[in-house]
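In: based on what follows, work out the 3D shape:
(4 chains)
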There are 2 protein chains.
Amino acid sequence: MSLRHALLGLLVFRPGSGYDLLKIFNTSLGQVWPARQSQVYGELTKLDATGLITVTDEGPRGRKQYALTPEGHAEARRWLAEREEHQPQRNPMLLQTFFLGLLPPEEAVARLLRYADTAAREYDDLVALRDAEPWDRDAMAECGRLVLEYGLRQRALEQEWARWAAERLRERRLTAPAAGQPEIPEPA
Amino acid sequence: MSLRHALLGLLVFRPGSGYDLLKIFNTSLGQVWPARQSQVYGELTKLDATGLITVTDEGPRGRKQYALTPEGHAEARRWLAEREEHQPQRNPMLLQTFFLGLLPPEEAVARLLRYADTAAREYDDLVALRDAEPWDRDAMAECGRLVLEYGLRQRALEQEWARWAAERLRERRLTAPAAGQPEIPEPA
DNA sequence: CGCCAACATGTCAAGGCTGGAATGTGGGAT
DNA sequence: ATCCCACATTCCAGCCTTGACATGTTGGCG
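Out: Numbers count the residues shown, from 1 in each chain, chains lettered A, B, ... in the order given. The predicted structure is shown next:
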C-alpha cells in the first residue's frame, strides 16, 4: 500500500492537484511505482477522507489543490523512517526464463539475445535522459538521479546477464545434447 | 495474470498437487513470482474449470494430482512463445530512495549503506545456494541456475549502487550545503 | 470567434493478491 | 498405541490494480 506514501512524499515538496501528481507518475516516479489515473484520484479521495491531506485551493476546471495536513506530514515522516523489507519482485522475464528449457535450444538462445537487445535500447534511452536533465535543481531531482542510475545499471546488468545466459545455453547444447526432459516442440 | 502460466509451466515437467506446486513456489519459483497458498489453490481450481488441467489421480488426504490437458499444453506453448513487454517494476526501496532528500543527509547516507549491507548478505546466501545445488539435473534446474545468476548479479549491483549513491550524497552534502528545499527533520 | 489540445475529475466492474481462519488425514517416530 | 508433524485442501473478506467509460472546462492559437 505504498501508493499512499508516494503521494504523501510528493506533497511534502509542494501542494498539487491530482493532475499534477499524475504527471509525475507518468514520468519519473512511475518508473519505480506505476499508478493509473483512477488509482491516484481514488487514493487522494481516501487520503482526504482520512485527514492526511486537505484541499487548500480550488482552481479553474474543478481543480483541487491538495496539501499535507500535520497528520499527513507525520505519516510521511513515519514511512520514510521505516524500513520496508523487500520481498521478491514479480518479474515476467525471469518467469519465462525459468521455463526456457521447454523451448528448443535455438529458440531459447534467441529469446535471451532479444532480451539483451531490449535492455541495450532501454539503456541508451536512459543515458539520453541522464544527459538531458539538470539534476541539481532540488532534493527530489537529486534523488531522482540516484534512481535513474539504478535503472541504468540494471539495464547494463540485464544485457550482460542475457548474453552470458545465451552463451551458457549454447555451450550446454553442444556438450550435453539431450537431458531427457519434456520439451515443447513446434506444434504438429 | 501470469500465475496461471507459472503453474502450467511447472505441470509440463510433471503432474503434481497443489501442495507440490506450492513447495516450489516457496523456494525457487517464488523468487521471481511469489504466490500464496490461497492463490495457488484458487488458480488450480479455475484452471481445472477452464479445462487447461485435469485431475489425474487422487491420493491419501484428499490429494488431487493435476496434469495438463492438451489445451493446457497448447496454452503453455503459446505463452512461452509470447513476448511479454516488461513494464516498470514496483520497487519499495527505490520509492523510498526517491524521497531520501527529505531526510537529514546523514540519515539518508546511513539508509543507503544499510541497503548495501542487506544486499551483501543476500548475495552471500545466494552464493551458498549456488554452491550447494546440483544444477545439471534437468532443464528446469538448468534454467533455475540462470535465474539464480540474475539474482546474484542483481544483489551485487544493488550493493555497488547503494555505496555509490551514499558516496555521492555525502560529497554533495559537503559542497552544496542546503538546496533550500523542504525537509522532514526530527519530530519536535 | 471557434476550435482543439490540454486541463481536470469521477466512477465502476472485474480480477489479482493478501492474510487469516477452518478443517481434516496419515505416516513415522517414540 | 499414541502423538505430532507434515500432508492437503477450502473458503473468505478486504484491499489493490487495471482498464474502461463518462463528463465537463478553458486557454490560446489561428
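In: so who does residue A:28 touch?
Out: Residue A:28 makes contact with A:144, A:147, B:98, according to CB atoms under 8 Å, 6 or more residues apart in numbering or on different chains. No exception for glycine: its C-beta is placed from N, CA and C like everyone else's.
In: can you report phi and psi for it?
Out: Note on residue A:28: its backbone torsions stand at phi -60, psi -60 [degrees, to the nearest 10].
In: check residue A:68 too.
Out: Taking degrees, to the nearest 10 as the convention, residue A:68 sits at phi -70, psi 140.
In: now do the contacts for the residue nearest to residue A:76 when sequence neighbours are not counted.
Out: Distances taken as CB to CB, 6 or more residues apart in numbering or on different chains place residue A:8 nearest to residue A:76, at 4.2 Å, with adjacent residues excluded. Going by CB under 8 Å, 6+ apart, residue A:8 touches A:47, A:52-53, A:68, A:72, A:75-76, A:79.
In: Throw the contacts of residue A:28 into CSV and include pLDDT, neighbour count and distance to residue B:125, thanks.
Out: Putting these into CSV (pLDDT from 0 to 100; neighbours: other CB atoms under 10 Å in any protein chain shown; distance: CB to CB, whole Å) gives the following:
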residue, pLDDT, neighbour count, distance to residue B:125
A:144, 95, 23, 31
A:147, 97, 22, 26
B:98, 96, 23, 27
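In: the residue nearest to residue A:114 when sequence neighbours are not counted and residue A:119, how far apart?
Out: Nearest residue to residue A:114, sequence neighbours excluded (CB to CB, 6+ apart): residue B:83, at 7.6 Å. Applying CB to CB, to the nearest Å, the value for residue B:83 to residue A:119 is 14 Å.
In: the more surrounded of the two?
Out: Counting neighbours by other CB atoms under 10 Å in any protein chain shown for residue B:83 and for residue A:119 shows that residue A:119 has the greater number, 22 against 11.
In: helix or strand: which one has the more buried one?
Out: Assigned by DSSP states H and E, residue A:119 belongs to helix A:105-132.
In: could I get the full set of helices for chain A?
Out: A:3-13, A:18-26, A:37-50, A:70-81, A:92-98, A:105-132, A:139-175 (DSSP state H).
In: export these as a markdown table, with columns for distance to DNA strand C.
Out: Shown next, in a markdown table, are these (distance: least, CB to the nearest atom of the strand, whole Å):
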| stretch | distance to DNA strand C |
| --- | --- |
| helix A:3-13 | 12 |
| helix A:18-26 | 3 |
| helix A:37-50 | 3 |
| helix A:70-81 | 16 |
| helix A:92-98 | 10 |
| helix A:105-132 | 19 |
| helix A:139-175 | 19 |
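In: where in chain A is pLDDT low?
Out: Flagging of chain A using pLDDT under 70 yields the residue ranges A:176-188.
In: near DNA strand D, which residues of it show up?
Out: Chain A comes close to DNA strand D at residues A:1-4, A:34-39, A:42, A:60-62, as judged by CB under 7 Å from any atom of the strand.
In: rerun at 10 Å
Out: A:1-4, A:6, A:19, A:25, A:30, A:33-43, A:46, A:59-63 (CB under 10 Å from any atom of the strand).
In: count the residues that sit near residue A:35.
Out: So residue A:35, with other CB under 10 Å, has 21 neighbours.
In: contacting residues for the residue nearest to it when sequence neighbours are not counted?
Out: Setting aside the residues directly before and after it, residue A:35 is nearest to residue A:25 in space (CB to CB, 6+ apart), at 5.0 Å. Taking CB under 8 Å, 6+ apart, we find residue A:25 in contact with A:6, A:33-35, A:40.
In: narrow the residues you listed to those that are buried.
Out: Buried members of these, counted by 16 or more other CB atoms under 10 Å in any protein chain shown: A:6, A:33, A:35, A:40.
In: please tell me I have it right and the first one contacts residue A:39.
Out: No: Residue A:6 lies out of contact with residue A:39 (CB atoms under 8 Å); the separation is 10.6 Å.
In: from residue A:142, how far off is the closest residue to residue A:145 other than its chain neighbours?
Out: Distances taken as CB to CB, 6+ apart place residue A:135 nearest to residue A:145, at 4.1 Å, with adjacent residues excluded. Distance from residue A:135 to residue A:142, counting by CB to CB: 7 Å.
In: more crowded one of the two?
Out: Neighbours were counted for residue A:135 and for residue A:142 using other CB under 10 Å; residue A:142 has more, 20 against 14.
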